[in-house]
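Engineer: structure for the following, please:
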Amino acid sequence: HMTVKFSKDHEWVAVDGDTATIGITKHAAEQLGDVVFVEVPEVGRKVTAGEACAVVESVKAASDVYAPVAGEVIAANGDIAGSPGAVNEEPEGKGWFFKLRLANKADLDQLMDRAAYEAFVRDNA
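Structural biologist: The predicted structure is shown next:
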């Protein structure tokens, strides 16, 4: 079944077996405003937890998107490169950025569940 975890960098990780789908949270998308450009990582790239591997730009700011866990990029969402507005429409759905094959499931233990993430956002508002 699917587990969803969150990072302090406002990424979400949906885990199914050893596949992790990663995107930015609804909160991050709201903070950015209208997303105008997205850069996703190359398939085959190996990333470490905390490594910047994608970019999201809005009319207000450009931000790195970090890999919340280590692994190998097995898919990148080309659709959002073509229509970055999907990141605003469904940041935690069709607006995903990339998928990783998890190198180490223990990385997930460093992340927050939704309740903890929502408290983190509130406390840092």
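
Engineer: hey, let's count contacts and neighbours off CA atoms from now on
Structural biologist: Fine.

Engineer: distance from stretch 44-51 to the middle of the chain?
Structural biologist: Between the centre of stretch 44-51 and the centre of its chain there are 13 Å (CA atoms, centre = their mean, to the nearest Å).

Engineer: any idea of the mean pLDDT for that stretch?
Structural biologist: Stretch 44-51 shows a mean pLDDT of 97.

Engineer: quick one: end-to-end length of it, please.
Structural biologist: End-to-end distance for stretch 44-51, by CA to CA, to the nearest Å: 15 Å.

Engineer: which residues are in contact with that stretch?
Structural biologist: Contact with stretch 44-51 is made by 53, 66-74, 107, as judged by CA atoms under 8 Å, 6 or more residues apart in numbering.

Engineer: for the residue nearest to residue 40 when sequence neighbours are not counted, pull up the helix or strand it's in.
Structural biologist: Using CA to CA, 6 or more residues apart in numbering and skipping the chain neighbours, the partner closest in space to residue 40 is residue 54 (4.8 Å). Following DSSP states H and E, one finds residue 54 within strand 52-58.

Engineer: list the contacts of that strand.
Structural biologist: So strand 52-58 is contacted by 32-41, 47, 62-67, 97 (CA under 8 Å, 6+ apart).

Engineer: mind listing what's buried in the worst-scoring helix or strand of the chain on mean pLDDT?
Structural biologist: The weakest-scoring helix or strand in the chain, judged by mean pLDDT, DSSP states H and E, is helix 78-82 (a mean of 93). Buried positions in helix 78-82, judged by neighbour count with 16 or more other CA atoms under 10 Å: 78, 80-81.
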